[in-house]
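A.B. asks: here is a sequence together with a model predicted from it:
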Amino acid sequence: MLDRAKRIVLVGFMGSGKTSVGKALAARLGFAFVDLDTRVEESTGKRVADVFRDEGEPAFRRHERAAASAALREERVVIAAGGGAFADPETQDILRAGAHCVYLACDLETILERVPRDGSRPLAGNRETMQALLSAREPSYRLADLTIDASRRSPDVIAEEVARTLALPAPGERAPRR
Ligand code: S3P
């Protein structure tokens, strides 16, 4: 049985702050930070956009699933999952079995301000398509153990709230009794 307290996964839509909150949370806990998109780029030797273009989305999801399985074999890690990872039932099962899963809930306006239209995220579109994708994925995100408001708040403040809510001690600190 995997000890879920040794891993935290941040899930949520593109632009919800998974990477910046993940880095802040990892620093706070003395954990390593793992980005699943980076792991896919390392395993394929390609940028995410090129994996989508050359191999298609189903292949990207397979790479992402493999990266999730590998990351769950590590301990004391904060894992940032790509925006579609938790909406993929198999990847969601992998993540939920071995980690505390935290949904960074973010409003559409914040998302639109944060996500660049530079081609780096193949599924980033206009307001209507982003709204539709967010609505389609929201029920999956809500299956996380914890939902945190990530709209217009700093990564440090959000990381602090995640750590406090999950009662995770900083290095050298004792876990509070619950
Ligand atoms: C995706 C989000 C991206 C990346 C890929 C697909 C998605 O990650 O995995 O472009 O399906 O929403 P971020 O959420 O880190 O941007």
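C.D. replies: It's in. Residues are numbered from 1 along each chain as shown.
A.B. asks: next up, the contacts around Pro171.
C.D. replies: Applying Cβ atoms under 8 Å, 6 or more residues apart in numbering to Pro171 gives the contacts 29-30. For every residue, glycine as well, the C-beta is placed using N, CA and C.
A.B. asks: local confidence estimate at it?
C.D. replies: On pLDDT, Pro171 comes in at 76.
A.B. asks: where does it sit, in terms of helix or strand?
C.D. replies: Counting by DSSP states H and E, there is no helix or strand that carries Pro171.
A.B. asks: and this structure, which residues reach the ligand?
C.D. replies: For the chain, the residues in contact with the ligand (Cβ under 6 Å from any ligand atom) are 14, 18, 37, 48, 82-84, 121-123.
A.B. asks: in helices, which of those residues fall?
C.D. replies: Among the residues of the chain next to the ligand, the residues falling in helices (DSSP state H) are 18, 37, 48.
A.B. asks: how much space between the last one and Ala68?
C.D. replies: Spelled out, that is Val48. Noted for Val48: a distance of 15 Å to Ala68, by Cβ to Cβ, to the nearest Å.
A.B. asks: of the two, which one has the most company?
C.D. replies: Higher neighbour count among Val48 and Ala68: Ala68, with 28 against 19, using other Cβ atoms under 10 Å.
A.B. asks: whichever helix or strand the more buried one is part of - contacts with which helices or strands?
C.D. replies: Per DSSP H and E: Ala68 is located in helix 57-71. Secondary-structure packing of helix 57-71 (3 or more Cβ pairs under 8 Å, 6 or more residues apart in numbering; DSSP states H and E): helix 36-44, helix 48-55, strand 77-80, helix 89-98.
A.B. asks: make TSV out of these and add mean pLDDT.
C.D. replies: Output for the helices and strands packed on helix 57-71, formatted as TSV (pLDDT from 0 to 100):
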stretch	mean pLDDT
helix 36-44	98
helix 48-55	97
strand 77-80	98
helix 89-98	96
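A.B. asks: poorly predicted segments of the chain, please.
C.D. replies: 1-2, 174-178 (pLDDT under 70).
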